[in-house]
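# just the structure for this:
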Amino acid sequence: MYRTKLILVASLLLAACTAVSSPTPSLPSATTVPTPSATPAPSPSATTESPDLPPYLSQRIAPDPEPTASPTPEPTATPTPSVAPAPSVYKLNLYRKGAFVTQKTYKWCVGATTQMMINIIKGTNNKSYDTQKAMYDYAVAHTMYDYPYAGSDPQGSVAALEHFGGGDYRWVNSSSFSAAVRSAVRAIALTGRPVRLSVAHGTHAWVLNGFVTDKDPAQSKDFKVLYVYVSGPLYPMQQKNGYDMPPNTKLSVASLKKFLTPVGQDYKLVPYTKDGKTYYKKVYYDTVWTGYYVTIQPVP
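As a prediction, this is how the structure comes out:
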């Protein structure tokens, strides 16, 4: 009985095991799974973080853009600076060393300047006492007025220059210093002969033998006198306050103005009697040159 139960239990257990361990079900037919293709790694973009920066900075600092080549600018031609033309200068100087003459006495400035001017005109070197005296005497003999002193005047100077071979000359009254200088310079330019200047209010004489201007005065009346060259016959006998400077001294126009001054009044001696004695007093009067800047100019 017991054996029969045991066999029955064993049979039940076997049946249970068989239910659980049922035959392995047939697997479905294999389906081919495609091999996944490799996804290419993304190319780094412009926002790729710089490996040199820590993460917290790489998120705040924009990377430098790729440098773009700037187009080379076309070279600009440098303008050539304009050069102002050099001011034109015209110079004429008639002076020759051998022509200069010192006056033989303190009274003979007219005789000495006449001698000097004739030397310049003729190309001679005459320095003789006799020639200078003859020129002085001739000038005194042909003055416009009778003077109570040994001296000459512009009219006598003109007479001496013409008599001794200087050509045609004339005395010129100018109402202004500028007009006197300009007319004298132009006369030299037109004739190639010197001018005599009445300096120190007409009490002394110089030779104007050259000049510097901005234009040729013989070609244009629109010129400016820059410098003059003068020769005074007192040199070297006297050299005081500019009377006289070495021959052919170059003066600015402003400097010449100190010497070329209007001719003053002249005087005559009028006799009068006092206590039975005869005396003379100076009586001043105007001449035709009084108040003018006087020059003795060659006639073109």
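# got the contact list for the nearest residue to Leu190 once chain neighbours are set aside?
Nearest residue to Leu190 in three dimensions, chain neighbours excluded: Pro300, at 4.2 Å (Cβ to Cβ, 6 or more residues apart in numbering). Glycine gets a C-beta too; all of them are placed from N, C-alpha and C. With contact set as Cβ atoms under 8 Å, 6 or more residues apart in numbering, Pro300 has these partners: Ala187, Leu190, Thr191.
# what's the answer for Ala112, then?
Taking Cβ under 8 Å, 6+ apart as the test, what Ala112 contacts is Val101, Thr102, Gln103, Lys104, Gln132, Ala205, Pro233.
# out of the contacts of Pro300, which is nearest to Asp275?
Ala187 (54.4 Å; Cβ to Cβ).
# from Tyr138, how far off is that closest one?
Distance, Ala187 to Tyr138, by Cβ to Cβ, to the nearest Å: 22 Å.
# please apply the same query to His163.
6 Å.
# likewise Gly276?
From Gly276 to Tyr138 the distance is 41 Å (Cβ to Cβ).
# before we move on, what about Lys91?
Distance from Lys91 to Tyr138, by Cβ to Cβ: 33 Å.
# name the nearest of the contacts of Ala112 relative to Trp289.
Ala205 (13.0 Å).
# what score does that closest one have for pLDDT?
We have a pLDDT of 99 for Ala205.
# which of the helices or strands spans it?
strand 204-213 (DSSP states H and E).
# what does Ile120 give?
helix 109-122.
# re earlier: between Gly276 and Tyr138, tell me which one has more neighbours.
Tyr138 (20 against 5; other Cβ atoms under 10 Å).
# surely the more buried one touches Ala160?
Yes - the pair Tyr138 and Ala160 passes the contact test of Cβ atoms under 8 Å, sitting 4.8 Å apart.
# using the three-state scheme, assign Val228.
strand (DSSP: H, G, I helix; E, B strand; the rest coil).
# hang on, it packs against Thr213?
No - taking contacts as Cβ under 8 Å, Val228 lies outside contact range of Thr213: 9.7 Å.
# who touches both of the two?
Val185.
# out of those two, which sits in the more crowded spot?
In this view Val228 and Thr213 are compared by other Cβ under 10 Å, and Val228 has more residues nearby, 27 against 22.
# relative to Tyr279, how far out is that one?
Val228 is 44 Å from Tyr279, by Cβ to Cβ.
# do the same with Phe259
Phe259 is 35 Å from Tyr279, by Cβ to Cβ.
# now swap in Ser220 and tell me
Counting by Cβ to Cβ - Ser220 and Tyr279 are separated by 58 Å.
# same deal with Ala205?
Taking Cβ to Cβ, one finds Ala205 at 32 Å from Tyr279.
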